[in-house]
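Q: Sharing a model prediction with you, sequence too.
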Amino acid sequence: MSDQFIFDETKHIEYSAYCIGEYIKWGDCDWLRQTMIDRQATVNQMFLEDLDHQDSIGTTILRTQYAN
């Protein structure tokens, strides 16, 4: 894995952590909790779909994003 890729992914984690912290400070804990539960369920479903279609790993996220 390239150092740039790892750096980019680390920045995404940092940005997410910052946003989560801000929502907690603003008192939106219930909304944040439900959003994180919903998002993780989506990620889990995408992962399971990719396992079912191993010849097209990585395409599930595109199908999911454009379905809405």
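A: Nice, thanks for sending it over.
Q: Quick check: which ranges of this structure have low pLDDT?
A: Applying pLDDT under 70 to the chain flags residues 1, 54-68.
Q: please redo it, this time with the cut-off set to 80
A: Where the chain drops to pLDDT under 80, the residues are 1, 50-68.
Q: where exactly do the helices run in it?
A: Secondary structure of the chain (DSSP state H): helices at 3-26, 29-52, 60-67.
Q: Redo these as TSV? Include mean neighbour count.
A: From N, CA and C alone the C-beta is placed, and that goes for glycine too. Formatted as TSV, the helices of the chain follow (neighbours: other C-beta atoms under 10 Å):
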stretch	mean neighbour count
helix 3-26	10
helix 29-52	12
helix 60-67	11
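Q: Roughly how far does Asp3 sit from Glu9?
A: Distance of Asp3 to Glu9, given as C-beta to C-beta, to the nearest Å: 11 Å.
Q: what's the answer for Ile24, then?
A: Using C-beta to C-beta, Ile24 is found at 23 Å from Glu9.
Q: Please apply the same query to Gln34.
A: 25 Å.
Q: can you check Asp38 too?
A: Asp38 is 22 Å from Glu9, by C-beta to C-beta.
Q: Cys19 too?
A: Distance, Cys19 to Glu9, by C-beta to C-beta: 16 Å.
Q: go on, Arg33?
A: Using C-beta to C-beta, Arg33 is found at 24 Å from Glu9.
Q: and if you look at Thr42?
A: Distance of Thr42 to Glu9, given as C-beta to C-beta: 19 Å.
Q: swap in Ile37?
A: For Ile37, the distance to Glu9 (C-beta to C-beta) stands at 22 Å.
Q: Fine by me, thanks again.
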